[in-house]
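J.: Need the 3D shape of this:
(one chain, ligands or ions: 3)
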Amino acid sequence: MSNAEAQGTAPVLILRDLQVDFFTAKGRAHAVRGLNIDVAKGEILGIVGESGSGKSVTALSIMDLLPQRTGGIVSGSIVFDGSDLAPVYSSKYRVSGRKGREKLRLRRFAARRAERKLAGHKGRISMIFQDPMSSLDPLYQVDSQLLESILYNNEKFMIERVIEKNSIMERIGDFTIMLQQKNTEDIMEWVRSNYGEGGFHREIFFISNMSISESEKKIKIRRALEYTRNLSPQERKRLTERLPKANGRYFRPNNRKRLPIQGIGNPVIREGMLFSLELLEFVGMPNPENVLTSYPHELSGGMKQRVMVALAVANDPDILIADEPTTALDVTTQYQVLYLIKSINRKLKTTVIFITHDLGVMAAMADRIAVMYAGRVVEIGPANHFFNDPLHPYTSGLLKSVPQYDERVRKLYNIPGQVPDLRRLPTGCAFNPRCEHAMNICRTEEPPDESVGERRVQCWLYSEGVQKNER
Ligand SMILES: Nc1ncnc2c1ncn2[C@@H]1O[C@H](COP(=O)(O)OP(=O)(O)OP(=O)(O)O)[C@@H](O)[C@H]1O
Ligand code: SF4
Ligand SMILES: [Mg+2]
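T.: Numbering: from 1, shown residues only. Ligands and ions are numbered 1, 2, ... in the order given. Take a look at the predicted model:
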């Protein structure tokens, strides 16, 4: 039974028999081999495993960021919100039987078709990458990068905010009285009941979740209204007409003049700038106004990682994938970024897939843990079981490899051997050359998925009847 079933919630993401291969000069590497994971809504699922076990490739497959020429999804499904994304992703690079320009033209055509099919999912799964320096664009200021993400993925949300705020400004008297008398939650409720759960309602929701006092929240809500430019009747009509077909295409960051927010004429871009500022405040950025107009090289590692987190949560994603987000940071900044991700999960109810090989970080973060080895999930279950009672010999090995600060040992433990070459995997269980419990059957047949209570494990030790016969 999966965790999602156990909790009675439908899984938000289902990976079934996912297989990802890379075509290298030395042969075909099976980076992900028949992966099965159900991710429950609102949980933090941790993925651990040694270097090269396929953690990042799994994340990149979900995000459709695999290098298209050298690798891809070979089979299996990635079901998100009821639709299987895997065939749409693969359709982009499966253009066969043509050469040269014709092939290129067909690829572009296929990519556009796939983009249309995926339009409804834009911004709903986002990712924080391991290295913020190589993930942020060095040529653009932070504001351009945030704006691009906000307007390309969710232009509709920005237009809604502008229209709603303009309606509220017509009732500014009511609103001012409320700001004096009611708390943030009540104000949010008033906006929701009068204008729906769209633009400004979500903005107040963001502000109300900041770690600041109630009076500071009210100042920010007031600023959020005051920064919005009054629309003329014609502008309002134009924006209302644009709303149903908003697709983020009109925004070109390189065409945008860099102006201070007060000088921005386009009300949607102006609103996007304000939202960018709020996002930086939400992620606890010191001096957010300055950061907004800085280039990535002008920021420290921790600040860049916070910009990455702001980018990732800009569109209020359903799923946030964090691939070793704190590896390059010092422990204090690491703690702040981890705390931020955890509060996004708890406060915004965002589902998080958290990848790391730091078991200490995993203990602090995950509700459930999946252990990957050579492209497979060999054990998955609640985090407390993982640390207290590991099932798979590989999981036990990983835990034994963590040095204990209160124990003096002559030699630190490490799992013998190396992660296998994914182009030439051993027959049977991929872990058998390194496993101290290996039996005959382990060298010939791959272990099936077995359920042990709430957990699933791939090891012959947990298959009924195998141990007695095979030892
Ligand atoms: N672009 C690529 N071309 C060829 N092989 C690749 C490529 N990307 C990944 N691989 C293969 O996939 C395997 C899994 O890589 P992946 O990046 O998922 O490892 P990981 O578990 O994230 O490791 P780490 O903890 O070091 O980040 C690698 O061993 C590598 O052989
Ligand atoms: S299946 Fe066999 S080799 Fe693989 S982990 Fe289990 S006991 Fe070890
Ligand atoms: Mg990785």
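
J.: Residue 210 falls within a strand, correct?
T.: No - assessed with DSSP: H, G, I helix; E, B strand; the rest coil, residue 210 is coil; it does not lie in a strand.

J.: mind checking how far it is from residue 325?
T.: In this view, residue 210 and residue 325 are 20 Å apart by C-beta to C-beta, to the nearest Å. Any C-beta I mention is one placed from the backbone N, CA and C, and that applies to glycine too.

J.: If you count surrounding residues, which of these two has more?
T.: A count of neighbours by other C-beta atoms under 10 Å puts residue 325 above the other of residue 210 and residue 325, at 28 against 17.

J.: Now the more buried one: closest residue in space, sequence neighbours ignored.
T.: Leaving aside its chain neighbours, residue 325 sits nearest to residue 128 (4.6 Å; criterion: C-beta to C-beta, 6 or more residues apart in numbering).

J.: go on, residue 90?
T.: Nearest non-adjacent residue to residue 90, counting by C-beta to C-beta, 6+ apart: residue 73, 5.1 Å away.

J.: which SS class is the one you found?
T.: Going by three-state DSSP: residue 73 is strand.

J.: related to what we said a few turns ago, which ones are touching the residue nearest to residue 325?
T.: When contacts are counted by C-beta atoms under 8 Å, 6 or more residues apart in numbering, residue 128 touches 305, 308, 309, 312, 320, 321, 322, 323, 325, 341.

J.: unless I'm mixing things up, the first one is touching residue 340, no?
T.: Think residue 305. No - using C-beta atoms under 8 Å, residue 305 makes no contact with residue 340, being 9.3 Å away.

J.: So which of those two has more stuff around it?
T.: residue 305 (29 against 20).

J.: Chain neighbours aside, what residue packs nearest to the more buried one?
T.: Distances taken as C-beta to C-beta, 6+ apart place residue 132 nearest to residue 305, at 5.0 Å, with adjacent residues excluded.

J.: which residues does residue 33 contact?
T.: 19, 54, 374, 375, 376.

J.: packing partners for whatever helix or strand residue 187 lives in?
T.: Applying DSSP states H and E as the criterion places residue 187 in helix 184-195. With contacts defined as 3 or more C-beta pairs under 8 Å, 6 or more residues apart in numbering; DSSP states H and E, helix 184-195 has these neighbours: helix 142-170, helix 172-181, helix 199-208, helix 214-226.

J.: Could you check the angle that helix makes with helix 199-208?
T.: With axes from the mean of the first three to the mean of the last three C-alpha atoms, to 10 degrees defining the directions, helix 184-195 sits at 170 degrees from helix 199-208.

J.: Strands of the stretch 251-400 of the chain, start to end?
T.: Using DSSP state E, counting those that start in this stretch, the strands of the stretch 251-400 of the chain run over 319-323, 351-355, 368-373, 376-382.

J.: Mean neighbour count, those strands: which tops it?
T.: Mean neighbours per residue, mean count of other C-beta atoms under 10 Å, is largest over those for strand 368-373, with a mean of 26.

J.: Identify the residues contacting that strand?
T.: Outside strand 368-373, the residues touching it (C-beta under 8 Å, 6+ apart) are 3, 37, 40, 43-50, 53-55, 58, 362, 377-383, 386, 392, 394-395, 398, 419, 430-431.

J.: And for residue 267, the neighbour number?
T.: 23.

J.: Of the helices and strands packed on helix 184-195, which is nearest residue 297?
T.: Across those, residue 297 has its closest neighbour in helix 142-170 (11.2 Å, C-beta to C-beta).

J.: Contact partners for the residue in the stretch 101-250 of the chain that ligand 2 sits nearest to?
T.: Nearest residue of the stretch 101-250 of the chain to ligand 2, counting by C-beta to the nearest ligand atom: residue 130, 28.3 Å away. Counting by C-beta under 8 Å, 6+ apart, residue 130 touches 56, 323, 324, 325, 327, 328.

J.: mind running it again at 6 Å?
T.: 323, 324, 327 (C-beta atoms under 6 Å, 6 or more residues apart in numbering).

J.: Now do residue 108 against ligand 1, distance only.
T.: Distance of residue 108 to ligand 1, given as C-beta to the nearest ligand atom, to the nearest Å: 22 Å.

J.: and that residue, what does it touch?
T.: No contacts exist for residue 108 under C-beta under 6 Å, 6+ apart.

J.: so which helix or strand takes in it?
T.: helix 100-117.

J.: Who does the next helix or strand after that helix pair with, and is each partner parallel or antiparallel?
T.: Beyond helix 100-117 on the C-terminal side, the first helix or strand identified by DSSP H and E is strand 125-128. Partners of strand 125-128 in the sheet, by DSSP bridges, are strand 319-323 (parallel).

J.: What angle do strand 351-355 and the partner strand make with each other?
T.: Using the same axes, to 10 degrees: strand 319-323 against strand 351-355 is 10 degrees.

J.: mind checking pLDDT for the closest residue to residue 293 other than its chain neighbours?
T.: Leaving aside its sequence neighbours, residue 293 sits nearest to residue 141 (C-beta to C-beta, 6+ apart; 5.5 Å). Residue 141 carries a pLDDT score of 88 in this model.

J.: if I look at residue 141, how far off is residue 291?
T.: Distance, residue 141 to residue 291, by C-beta to C-beta: 9 Å.

J.: Can you pull up the residues of the stretch 351-471 of the chain that come close to ligand 2?
T.: Contacts of the stretch 351-471 of the chain with ligand 2, taken as C-beta under 6 Å from any ligand atom, map to 392-393, 429, 431-432, 435, 437-439, 442, 447, 459-461.

J.: Could you rerun that using 5 Å?
T.: 393, 429, 431, 432, 435, 437, 438, 442, 447, 459, 460, 461 (C-beta under 5 Å from any ligand atom).
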